[in-house]
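In: missing the sequence, but the structure's below:
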């Protein structure tokens, strides 16, 4: 079942703000956050490839803390 958003104002276009004539799409915060996220993911990947003991220590720490919550 698909839920479709409905606008309360009948004159509001359903497209993005870039589709509206006279409005410019401003490249802003979304691109910066995407870049930071990709940088973080690439750094984590390199860290786990170069230093595999980091991933082992992380798994050990998570397992220990989870086991502590169970008991």
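Out: Happy to help now that I have it. Worth saying up front: this structure is predicted, and the values here are computed from it rather than measured. Residues are numbered from 1 along each chain as shown.
In: which stretches of this protein form helices?
Out: Secondary structure of the chain by DSSP state H: the helices cover 29-50, 52-70.
In: Make a markdown table out of those helices and add mean neighbour count and mean pLDDT.
Out: Quick note: C-beta positions are derived from backbone N, CA and C, even for glycine. Listed next are the helices of the chain as a markdown table, based on neighbours: other C-beta atoms under 10 Å; pLDDT from 0 to 100:
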| stretch | mean neighbour count | mean pLDDT |
| --- | --- | --- |
| helix 29-50 | 10 | 91 |
| helix 52-70 | 10 | 88 |
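In: I'd like the distance between residue 35 and residue 66.
Out: 33 Å (C-beta to C-beta, to the nearest Å).
In: Repeat that for residue 49.
Out: 26 Å.
In: just residue 28 next, same as before
Out: Taking C-beta to C-beta, one finds residue 28 at 39 Å from residue 66.
In: go on, residue 38?
Out: For residue 38 relative to residue 66 (C-beta to C-beta), the value is 29 Å.
In: next one: residue 45
Out: 24 Å.
In: now residue 33
Out: Using C-beta to C-beta, one gets 30 Å for the distance from residue 33 to residue 66.
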